[in-house]
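1. no FASTA, just this:
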């Protein structure tokens, strides 16, 4: 079982920056691919950014490319989302997501954080 705790959300004005953090506990963090998702009322949760377990590969949703950066520190069991040049449309609840394949059972393990609100408004 993995516990994910997000922090760093809050309010920002357009053009400003925020950094989200997600700290994991309960299992071997470096075995997990990590992602950030976001959700607004009435819409499905969407993938914002993802990073492989070793940090060698990342991917981004088109609207955040060039503005957001996902990174991880496996020594601190933490994944980050640096959000620059924020826009009002980035307003959402942001969720940390972890996934891994159990090497013994081959089962897919998925865990979610509780979410942190990001509000971008002038």
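-> That came through, no problem. Remember, predicted model here, so these are calculated numbers, not experimental data.
2. that's a helix at residue 30, yeah?
-> Yes. According to DSSP: H, G, I helix; E, B strand; the rest coil, residue 30 belongs to a helix.
3. thought it was touching residue 53?
-> Yes. Residue 30 is in contact with residue 53 according to C-beta atoms under 8 Å; the separation is 5.7 Å. (Each C-beta comes from the backbone N, C-alpha and C, glycine too.)
4. more neighbours: which of these two?
-> A direct count of neighbours by other C-beta atoms under 10 Å for residue 30 and residue 53 places residue 53 higher, at 18 against 13.
5. what sits against that one?
-> 30, 31, 32, 33, 34, 100 (C-beta atoms under 8 Å, 6 or more residues apart in numbering).
6. beta partners for the residue nearest to it when sequence neighbours are not counted?
-> In space, not counting the residues next to it along the chain, residue 53 is nearest to residue 33; the distance is 5.3 Å by C-beta to C-beta, 6 or more residues apart in numbering. With DSSP bridges applied, the residues forming beta bridges to residue 33 are residue 99.
7. who touches the residue nearest to residue 31 when sequence neighbours are not counted in this structure?
-> Spatial nearest neighbour of residue 31, excluding adjacent residues (C-beta to C-beta, 6+ apart): residue 100 at 5.0 Å. Under the criterion of C-beta under 8 Å, 6+ apart, the contact list for residue 100 reads 27, 31, 32, 33, 53, 108, 109.
8. repeat that for residue 122.
-> Residue 122 makes contacts with 13, 14, 88, as judged by C-beta under 8 Å, 6+ apart.
9. by neighbours, which of the residues you listed wins?
-> Neighbour counts for the contacts of residue 122 (other C-beta under 10 Å) peak at residue 14, which has 13 neighbours.
10. give me the pLDDT value at that one.
-> Listed pLDDT for residue 14 reads 98.
11. pLDDT on stretch 58-77, on average?
-> Averaging pLDDT along stretch 58-77 yields 97.
12. next one: stretch 80-98
-> Over the span of stretch 80-98, the pLDDT mean works out to 98.
13. can you give me the strands in this structure?
-> All strands of the chain, identified by DSSP state E, fall at 3-7, 10-12, 18-25, 33-39, 46-51, 58-60, 68-73, 78-83, 92-101, 108-112, 116-120.
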